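Chemist: with the sequence up front, the predicted model follows.
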Amino acid sequence: MHSHSRRFYANQSRTILLALLLDRLLGDPPSRFHPVAWIGQWIGLIRRRAPRSSDFRRFVYGTVTIGGSALTLGWGMYRLRQFVPQTAWSWLVDAGLLSLFLSLRGLLQAGTAVADPLTAGDLPAARQQLSWHLVSRDTSTLDESQIAAATIESLAENTSDSVVAPIFWYAVAGLPGALVYRFLNTADAMLGYRDPEREWLGKAAARLDDVANLIPARLTALCMILSAPWLGSRIEDGYRIWRRDAGATASPNAGHPMSAAAGVLGVELEKVDHYRLGAGQPKPAARDIQRSQRLVVVSVLIALAFFLTGRKVIGDS
């Protein structure tokens, strides 16, 4: 049993490492081959077929369809893993599948897509790239510092959503856990808005995503704070802003990595009429987006060290 346990956790560690490497080198496949794109199509169908007669019916429909879909996906992946013959090299297949639920390369590329025109002074192009790749808010009136702030906020939040959280749930529950997490996160991204159409339809998706991100968001914030020395900052500065401002956002999770990033980078991140993180610090500029990309990479490496160390300790116990 001890030998089997050690081998299991060693394979999990290899899977996580290779999955990150594959994502970093290859990025996302075309949408027609990408399971997250298929998930998005399914959620789009759920949205189109939602009842329109009452908020209560939309809430029940959203709860049943999103909850049922999550359970079906998790059960389906679990059963598939049981049917597929397990060999000494099965972890390679797992790594290929797990890499599809990660998006480190895509996240960094999205940051560059905004930073390059912003550095060149092309605000219209920077606004366009920001709305295409990172945020759903109206970007048409944002100035340079607001574009930079929105980009840094999104990079920080998505470090958790797109990298740390899928790895965390893989470590907890294998590929079924990573798949269910990605489904819930995508459902929240598509339905979790407080507009008349989606507020009650997406209520279950938003709450389930909140629960799924409770630990990963705080772990990401911790890793960002520990990244401070590699960014020319101090750990205590990141910790101070995180402790002060993590609860300033409407989301119970997003404020944790975003406020930690504000503290480590030494900038103020403001979404007008919503929140100010790191208030009193300098407004960010295009160069701070590049610094935030380094913060993302270092934070992911520290999180990876946590996961691999934890796997080794458990496997040896």
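Modeler: That came in fine, so what should we check first? Numbers count the residues shown, from 1 in each chain.
Chemist: tell me the pLDDT of Ser5.
Modeler: Note on Ser5: pLDDT of 64.
Chemist: go on, the one 4 residues further on?
Modeler: The confidence metric pLDDT takes the value 74 at Tyr9.
Chemist: likewise Ser227?
Modeler: In this model, Ser227 carries a pLDDT of 97.
Chemist: all further residue positions should be reported with the first residue as 4.
Modeler: Okay, using 4 as the starting number, the last item reads as Ser230.
Chemist: what separates it from Thr223, distance-wise?
Modeler: For Ser230, the distance to Thr223 equals 10 Å [Cβ to Cβ, to the nearest Å]. C-beta here means a position set from N, CA and C on the backbone, and glycine is covered the same way.
Chemist: who has more neighbours, these two?
Modeler: The neighbour comparison of Ser230 against Thr223 (other Cβ atoms under 10 Å) goes to Thr223, with 32 against 25.
Chemist: can you give me every residue that contacts that one?
Modeler: Neighbouring residues of Thr223 by Cβ atoms under 8 Å, 6 or more residues apart in numbering: 159, 162-163, 167-168, 259-260, 263, 302, 306.
Chemist: out of those, which is nearest to Tyr81?
Modeler: Nearest to Tyr81, judged by Cβ to Cβ, of the contacts of Thr223 is Ala168 at 19.3 Å.
Chemist: give me every residue that touches the closest one.
Modeler: 184, 188, 215-216, 219-220, 223.
Chemist: any low-confidence regions in the stretch 154-303 of the chain?
Modeler: Along the stretch 154-303 of the chain, no part satisfies pLDDT under 70.
Chemist: ok so, going back, in helices only, show me the contacts of Thr223.
Modeler: Counting by DSSP state H, these place 159, 162, 168, 259-260, 263, 302, 306 in helices.
Chemist: picking that back up, out of the contacts of Ala168, which sit inside strands?
Modeler: Judged by DSSP state E, strands contain none of the contacts of Ala168.
Chemist: any chance of these in JSON lines, plus distance to Gly235?
Modeler: Below are the contacts of Ala168 laid out as JSON lines (distance: Cβ to Cβ, whole Å):
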{"residue": "Tyr184", "distance to Gly235": "33"}
{"residue": "Asn188", "distance to Gly235": "32"}
{"residue": "Ala215", "distance to Gly235": "33"}
{"residue": "Asn216", "distance to Gly235": "29"}
{"residue": "Pro219", "distance to Gly235": "26"}
{"residue": "Ala220", "distance to Gly235": "25"}
{"residue": "Thr223", "distance to Gly235": "20"}
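Chemist: Ser139: which of those residues is nearest?
Modeler: Closest to Ser139, out of all of those and judged by Cβ to Cβ, is Asn188, at 14.3 Å.
Chemist: now, which of the contacts of Ala168 lie within helices?
Modeler: Those of those lying in helices (DSSP H): 184, 188, 215, 219-220, 223.
Chemist: coming back round to it: so what sits against both of Ser230 and Thr223?
Modeler: Ser302.
Chemist: then Phe104 would be within a strand, right?
Modeler: No. Judged by DSSP: H, G, I helix; E, B strand; the rest coil, Phe104 forms no part of a strand; its state is coil.
Chemist: I'd say Trp172 and Leu217 touch.
Modeler: No. Counting by Cβ atoms under 8 Å, Trp172 sits too far from Leu217 to count as a contact (11.8 Å).
Chemist: ends of stretch 152-171, how far apart?
Modeler: With Cα to Cα, to the nearest Å applied, stretch 152-171 spans 27 Å between its terminal residues.
Chemist: could you do stretch 266-276 as well?
Modeler: 21 Å.
Chemist: neighbours of the closest residue to Leu229 other than its chain neighbours, how many?
Modeler: Nearest non-adjacent residue to Leu229, counting by Cβ to Cβ, 6 or more residues apart in numbering: Ile305, 5.4 Å away. Neighbourhood size, Ile305 [other Cβ under 10 Å]: 20.
Chemist: can you tell me how far Ile305 sits from Ala22?
Modeler: From Ile305 to Ala22 the distance is 17 Å (Cβ to Cβ).
Chemist: show me what the helix or strand containing Ile150 is packed up against.
Modeler: Per DSSP states H and E, Ile150 falls inside helix 147-162. Here helix 147-162 touches helix 107-122, helix 126-136, helix 217-229, helix 258-268, strand 272-274, helix 289-319, going by 3 or more Cβ pairs under 8 Å, 6 or more residues apart in numbering; DSSP states H and E.
Chemist: surely Val270 is in a helix?
Modeler: No. Counting by three-state DSSP, Val270 is located in no helix; its state is coil.
Chemist: surely it meets Ala289?
Modeler: No. In this structure, Val270 is not within contact of Ala289 by Cβ under 8 Å, at 11.9 Å.
Chemist: more neighbours: these two, which one.
Modeler: More neighbours surround Val270 than the other of Val270 and Ala289, with 24 against 20 (other Cβ under 10 Å).
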